[in-house]
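Asker: starting from these lines, generate the structure:
(one chain, ligands or ions: 1)
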Amino acid sequence: MTVAVFYTSLSGNTREAAEIVAGAIGGTPVDIVQDAAEREALLDELRAGRLAMALFGTYTWGDGELPEAMRRFLRRLLIEEGHLYLPAMPPTAVFGTGDSIFPRYCRAADAVYYHLEKHGVRLVLPVMKIEQSPYGLDQAPRLEAWAEAAQAAAGAGRPTARALRRSAAAPLLTRNKPRG
Ligand SMILES: Cc1cc2nc3c(=O)[nH]c(=O)nc-3n(C[C@H](O)[C@H](O)[C@H](O)COP(=O)(O)O)c2cc1C
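Answerer: From the prediction side, this is the model:
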């Protein structure tokens, strides 16, 4: 089963984030504006119920605005062609890049989450917000861990080799610690 990472990016930060997310969980990153053929191929998979998970990534524009490309994409998936996509929508998670100098930090990612949730899509984790490039401020490991947690919460696919190495390295006591 495929994991789709649908994103839009102007200056590359969200593309970097999408590539990190996809790399961590064996997903396919697709720029919804630039990669039209890949986008349509993944939408075919989605309609056929063959996506294990879908992730959405966006930057924020204007004064906290959702970029037009992501707005149109969501409108198509959730409203115009919602009868095709909504019944097959897999577990989902949302990430965004922004700049905390703006008062509405990463607001577009919150908007994506809001629209998906409003249409009954199952969101497995809170929005992941990244300050500009994920390679700055040592954010990449946090983003990878979020993607792995989202995949685990979605019950999507097999763990990656990296996740298996990680859990094998964890001390037994930590792994088997009883709850409560
Ligand atoms: C004109 C303009 C308006 C922006 N407005 C916001 C905003 O309201 N909130 C925010 O968090 N970031 C805002 N940003 C920052 C971008 O979202 C941020 O740089 C993002 O990482 C860009 O992603 P990209 O490189 O994928 O295009 C703005 C940037 C520009 C150039």
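Asker: show me which residues of the protein sit near the ligand.
Answerer: By the rule CB under 6 Å from any ligand atom, the part of the chain lying against the ligand is 9-15, 59-64, 97-99, 102, 104-107, 132. (Each C-beta comes from the backbone N, C-alpha and C, glycine too.)
Asker: if we use 8 Å, what do you get?
Answerer: Counting by CB under 8 Å from any ligand atom, the chain comes close to the ligand at 7-17, 59-65, 96-108, 130-133.
Asker: all strands for the chain, in order.
Answerer: Under the criterion DSSP state E, the chain contains strands at 2-7, 28-31, 51-59, 92-98, 128-131.
Asker: ok, how many other residues are close to the residue in the chain positioned nearest to the ligand?
Answerer: At 2.4 Å from the ligand, residue 98 is the closest residue in the chain, using CB to the nearest ligand atom. Other residues within reach of residue 98, judged by other CB atoms under 10 Å, total 24.
Asker: could you check how far the residue nearest in space to the middle of the chain is from residue 87?
Answerer: Computing the C-alpha centroid of the chain and ranking residues by CA atoms, centre = their mean puts residue 55 first, at 2.7 Å. Using CB to CB, to the nearest Å, residue 55 is found at 19 Å from residue 87.
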